[in-house]
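Undergrad: Quick one, fold the following:
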Amino acid sequence: MSETTSITPTRPYMVRALYQWIEDNALTPYLMVDATADNVQIPTEHVQDGRIVLNIASRATGNMSMENDYIHFSARFGGVSQEIWVPLTAVMGIYAKENSQGMFFDPKEYDNYVPEDDDASIASKKSATAPKPKRDNKAGLKVLK
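TA: Residues are numbered from 1 along each chain as shown. Below is the predicted model:
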């Protein structure tokens, strides 16, 4: 059988691990994102040179979710709450603001990656992870101190 399997990219696992390490050491995790990548939902007014750096500290975000495909959270920009969606393919690096320790990723890591899902599973993942429209329901927002 000449069927090839694709190894899962390390990026989502490394992002979660470094995020936890940075937070555990009372540092501020910054996420550098390729703002030109597909399916990125970010405040475009803060993009510089095709990139945006996001403060993803637990005290600066709400409802953070780091999955294998997307990072999703809400954050305030200029006092306005926004839903942020970043596909892991758009994550360029994660590092601590205070000492720049972290990791930057190989931009070609996902070039040959093909998820081993059937069509039904792919369709359900797309609907579950695709950026959601903004709602005025404030019940899900938390005040972080």
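Undergrad: in which helix or strand would I find residue 20?
TA: Secondary-structure element containing residue 20, defined by DSSP states H and E: helix 11-24.
Undergrad: Now the element after that helix, going C-ward?
TA: In the C-terminal direction, the helix or strand that comes right after helix 11-24 (DSSP H and E) is strand 29-34.
Undergrad: and that following strand, what's its mean pLDDT?
TA: For strand 29-34, the mean per-residue pLDDT is 98.
Undergrad: Give the next helix or strand downstream of that strand.
TA: Next helix or strand after strand 29-34 toward the C-terminus (DSSP H and E): strand 51-55.
Undergrad: which strands and helices sit next to that following strand?
TA: Judged by 3 or more C-beta pairs under 8 Å, 6 or more residues apart in numbering; DSSP states H and E, strand 51-55 is in contact with strand 29-34. All C-beta spots, glycine's among them, are computed from the backbone N, C-alpha and C.
Undergrad: Pairing partners for the strand it packs on, with directions?
TA: strand 51-55 (antiparallel), strand 91-96 (antiparallel) (DSSP bridges).
Undergrad: May I see the ones you listed organised as TSV, with mean neighbour count added?
TA: As requested, these are arranged in TSV below (neighbours: other C-beta atoms under 10 Å):
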stretch	mean neighbour count
strand 51-55	18
strand 91-96	20
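Undergrad: So which of the ones you listed is nearest residue 41?
TA: For the strands paired with strand 29-34, distance to residue 41 was read as C-beta to C-beta. The smallest value, 11.2 Å, belongs to strand 51-55.
Undergrad: Name the next helix or strand following that closest one along the chain.
TA: Sequence order places strand 62-66 as the next helix or strand after strand 51-55, per DSSP H and E.
Undergrad: helices or strands next to the following helix or strand past that following strand in the packing?
TA: The C-terminal neighbour of strand 62-66 among helices and strands, as given by DSSP H and E, is strand 70-77. Helices and strands touching strand 70-77, as assessed by 3+ C-beta pairs under 8 Å, 6+ apart, comprise strand 62-66, strand 80-87.
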